[in-house]
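> Next comes the sequence, and after it the predicted model I'd like to discuss.
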Amino acid sequence: MATTTITKTDLPAQPTTLYYYLEPKDGGQIQTYPGTAAEKRRRHVPHPVHVKDMRSIRSEFSLDKTGFELVDHVSKEKDFLDEKEITSVYYPEVEELIKKKTGATKVHVVSHMCRRHTTADSKADADGKPDTDHVTLNNPARFVHVDQSYRGAEQILYLNMPEEEADRLTKTRWGIINVWQPFGKTVTRDPLALCDYRTVDENDFRTVVANLPPPGAGQYGNVSKNFTHKGKWEYSTNGDQSARYEVANMAYNKDQQFYYADKMTPDEAWLFKIFDSKKDGRARCTVHSSFPLEDQPEKGEARTSVEVRCFVFWEDDEQVE
């Protein structure tokens, strides 16, 4: 895919390090276990990069052009402590926000994850634990990835919806969109970096199989809900009641252009694609990672954020193969 450069080249930028996929020949993994001590100890390849602040040209970024956009959203939910409040108040807000921004006819929230701990906190929680033990302190994901590969998007759809309904809804355009929003305070550490899809070479995708913990075992155990209608090949080595699907990690490429929004507030949110079934040249996914700001201490007050994963359907929009 040809590289496209954003028109303004003088954007302020943060020098930082992003962590990329370690190839199996160098000791990298093709199976991972999110939410475990082993995952906190997983090795990646560090690369120095500059992440540009897109605020001054935010109108040039959109879901279909770059794969992500920054939106204003004032939520009635403020502290994200009560699960029932999150599902009854925030989920409907997210559904309406996505419908308004995309013209989708149907939005189905899959799950959400709140992060309230630093990377140092979660690594300390993993210290001394066997690889298979769960770590419940959720930190910003500090490696370059897409939550599902293109095949993994279909896998997680069928793990969360009745098979007959999924069959019907995938006859027209569908996708997965995440909503990422700070809460409680302005982001002053570990912001989210998102890569302009037009600068992504899909040959740099690296497929990894994520084996989730069983339902109820922390927030990663709640990502998938329906199991009985799928064959065993969809299940994890954690057991027949644990989801397994493909994710996309990334190899480094100097042409990748990453952006962030400086000092995001709780009244702002990122919308970004994980998958889009439409193959007409529009952005189909968003490579992303949290990253440490320059001179950011490893220990300190954690960033607080919520991420909601949504299936999105355009029942009046035909597929393009």
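Good, I have the coordinates.
> just how off-centre is the strand or helix carrying Val308 within its chain?
In this assignment (DSSP states H and E), Val308 forms part of strand 305-318. Relative to its parent chain, strand 305-318 has a centroid offset of 13 Å by Cα atoms, centre = their mean, to the nearest Å.
> next one: stretch 280-288
Using Cα atoms, centre = their mean, the offset of stretch 280-288 from its chain centre is 13 Å.
> Equivalent analysis for stretch 200-209, please.
15 Å.
> so where's the stretch 1-150 of the chain shaky on pLDDT?
Applying pLDDT under 70 to the stretch 1-150 of the chain flags residues 1-9.
> Mind doing that once more with 90?
Where the stretch 1-150 of the chain drops to pLDDT under 90, the residues are 1-10, 33-36, 132, 134-138.
> per-residue pLDDT, Arg244?
With respect to pLDDT, Arg244 scores 80.
> repeat for Cys285
For Cys285, the pLDDT comes out at 98.
> got it, and Met161?
Looking at Met161, its pLDDT reads 87.
> wait, isn't it in contact with Trp174?
No: contact criterion Cβ atoms under 8 Å: Met161 and Trp174 do not qualify, at 10.5 Å. Where C-beta positions appear, they are placed from N, C-alpha and C, glycine not excepted.
> more crowded one of these two?
Trp174 (25 against 20; other Cβ atoms under 10 Å).
> ok, that one touching Ser277?
Yes: Trp174 lies in contact with Ser277 (Cβ under 8 Å); the separation is 5.3 Å.
> State the distance from Lys278 to Ile30.
Look at Lys278 and Ile30: by Cβ to Cβ, to the nearest Å, they are 29 Å apart.
> the more surrounded of those two?
Higher neighbour count among Lys278 and Ile30: Lys278, with 19 against 11, using other Cβ under 10 Å.
> count of neighbours near the nearest residue to Thr118 once chain neighbours are set aside?
In this structure, Thr118 finds its nearest non-sequential neighbour in Ala302, 4.7 Å apart by Cβ to Cβ, 6 or more residues apart in numbering. A count of nearby residues for Ala302, using other Cβ under 10 Å, gives 20.
> Many thanks, we can stop here.
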